[in-house]
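Asks: need a structure here:
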Amino acid sequence: MKLTTFFDATAEQWNAFVGQWPDFALMQSYEWGQFKEALGWKAIRLAVKRDGQLVAGAQMFIKPLPLGLVSIVYVPRGPLLHWEDEPTVQALLSAMHALARRHRAIVLKIEPAIDYSPEMQQQLQSYGFRRSDFNNQPQCSMLIDLSLDDDTILANMHKTTRYNIRYSARHGVTVRAGTAADLDTFYHLLQSTARQAGFPIRSREYYRQEWNVLAPAGHVKLLLALYEGEVLAVRMPSCFGSQAATLHSGSSSNHRKLKPNELLMWESLKWAKSQNCTTYDVWGIPDEIGAHLYQGQPLPDEEEQKGGLWGVYRFKRGFGGKVIYHVGAYDFVYSPLMYRLMNIAMTRLGSLEKLARLGDYLNH
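Replies: Okay, here's the model as predicted:
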């Protein structure tokens, strides 16, 4: 058996490898790397071959911080490997550390899409990683099974959700596909939702670049729900391989009784099925749900829960689906002092993306 690491995988080779993983892996795709590079990150794809076959890999995103003296290295939804394969794990992590140190990284942040367990936590800690204070991707979510026929998918939904889907369509709400010309409307509704729910969104440029790179590759679809010509809600489902997810959605406060979001989600599920996807990730529910289910404890009383993802959870759970609970984000720290300063900045800014944008501003 011969293990080798390399950096020169073609887009076709890389996407074929990433697409075979059972979890939503768009953020490890070649096109996601191109998108992040358009935002000022450097994408490096590192792979391991065994006897000529690609068996593990990580798309690593590198962002210089102020003055370019240090950087952060981030691996969203990765690395992609079989953690029980010790030689491969060692080969890939060694190459990742060498690359991170070459770029004077403060930290190597990974967020693998692997199930939570104390054993998995211990394994990551045995490799020198510590639990991060910040998740950049959802740790807990729900998966909807799209391998079923439409009637069965509908039957698995809560009866109120099924009713609302049909009610919306009966009362004149329509759904159409969007184009680049609709991105300003899309962003306006994201802003409106963020203000109402009290959560941050990214810059207008972020979403435009995402569309410019991912839409031509067929990885995203923009859907708009309208009533009498007015756009009431927007949703951008994404697909890669056989998995799909909603990364972005927004709505106005007008005509809420028409339930446009339920109809729009149903159309998103149908679009994902048409792309041969077998699962749909609703992309984020409260972490407490995963923790309680793992520990076999009763779920918290929803009526007493406020803020965070609890509001959207009540909407998302209506579509059925199985709860998934990942291990979360883990950090390998190279510079403890700079790492503490970075975490202080993250606490104030609220997201890794905003920290990266601050770095861009100060570097110029």
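Asks: what about the most centrally placed residue in the chain, which helix or strand?
Replies: For the chain, the residue nearest the mean C-alpha position is residue 137 (5.1 Å; Cα atoms, centre = their mean). Residue 137 is part of no helix or strand, with elements assigned from DSSP states H and E.
Asks: Contact partners for the spatially closest residue to it that is not a sequence neighbour?
Replies: Once flanking residues are discounted, residue 137 sits nearest to residue 111: 5.2 Å by Cβ to Cβ, 6 or more residues apart in numbering. Any C-beta I mention is one placed from the backbone N, CA and C, and that applies to glycine too. When contacts are counted by Cβ atoms under 8 Å, 6 or more residues apart in numbering, residue 111 touches 74-78, 135-137, 326, 328-330.
Asks: do residue 311 as well
Replies: Residue 311 sits in contact with residue 197, where contact means Cβ under 8 Å, 6+ apart.
Asks: State the next helix or strand along the chain beyond the helix or strand harbouring it.
Replies: Using DSSP H and E, the element containing residue 311 is helix 310-316. For helix 310-316, the succeeding helix or strand toward the C-terminus, using DSSP H and E, is strand 322-325.
Asks: Break this protein down into its domains, please.
Replies: What automatic domain parsing lists as the domains of the chain is 3-138+326-363, 140-325.
Asks: Retrieve the pLDDT associated with residue 354.
Replies: Looking at residue 354, its pLDDT is 66.
Asks: How many residues are close by residue 257?
Replies: Residues contacting residue 257 under the criterion other Cβ atoms under 10 Å number 10.
Asks: Residue 103: how many residues sit nearby?
Replies: By other Cβ under 10 Å, neighbour count at residue 103 equals 17.
Asks: picking that back up, which ones are touching the residue nearest to the centre of the chain?
Replies: 27, 76-77, 111, 329 are the contacts of residue 137 under Cβ under 8 Å, 6+ apart.
Asks: Among the residues you listed, find me the one that's closest to residue 231.
Replies: residue 27 (27.7 Å; Cβ to Cβ).
Asks: pLDDT value on that closest one, please?
Replies: 98.
Asks: Skip ahead from the helix or strand hosting residue 122 and say which helix or strand is next.
Replies: Secondary structure assignment for residue 122, by DSSP H and E: helix 118-126. Once the chain leaves helix 118-126, the next helix or strand it forms, by DSSP H and E, is strand 130-131.
Asks: From what I see, residue 115 and residue 323 are in contact.
Replies: No. When contacts are counted by Cβ atoms under 8 Å, residue 115 is not listed as touching residue 323 (11.1 Å).
Asks: Residue 85: neighbouring residues, count only.
Replies: By other Cβ under 10 Å, the residues close to residue 85 number 16.
Asks: Now for it: which residues touch it?
Replies: Per Cβ under 8 Å, 6+ apart, neighbours of residue 85: 55-56.
Asks: State the distance from it to residue 123.
Replies: When distance is defined by Cβ to Cβ, to the nearest Å, residue 85 is 12 Å away from residue 123.
Asks: show me the contacts for the closest residue to residue 179 other than its chain neighbours.
Replies: Closest residue to residue 179 apart from its sequence neighbours, by Cβ to Cβ, 6+ apart: residue 222 at 7.3 Å. With contacts defined as Cβ under 8 Å, 6+ apart, residue 222 is in contact with 177-179, 182-183, 186, 211, 215, 234-236.
Asks: returning to that earlier point: now compare the contacts of residue 137 and name the two farthest from each other.
Replies: Farthest-apart pair in these is 27 and 329; separation 12.9 Å (Cβ to Cβ).
Asks: which SS class is the closest residue in space to residue 105 that isn't next to it in sequence?
Replies: Of all residues not flanking residue 105 in the chain, residue 73 sits nearest, at 4.5 Å (Cβ to Cβ, 6+ apart). With DSSP: H, G, I helix; E, B strand; the rest coil as the basis, residue 73 sits in strand.
Asks: what does residue 280 give?
Replies: The three-state label given to residue 280 by three-state DSSP is strand.
Asks: what's the burial count for the closest residue to it other than its chain neighbours?
Replies: Leaving aside its chain neighbours, residue 280 sits nearest to residue 144 (4.3 Å; criterion: Cβ to Cβ, 6+ apart). By other Cβ under 10 Å, 22 other residues sit near residue 144.
Asks: cool, residue 75 as well?
Replies: Neighbourhood size, residue 75 [other Cβ under 10 Å]: 23.
Asks: Run a quick check on it versus residue 105, I expect a contact.
Replies: No. In terms of Cβ under 8 Å, residue 75 does not count as a neighbour of residue 105; the distance is 11.5 Å.
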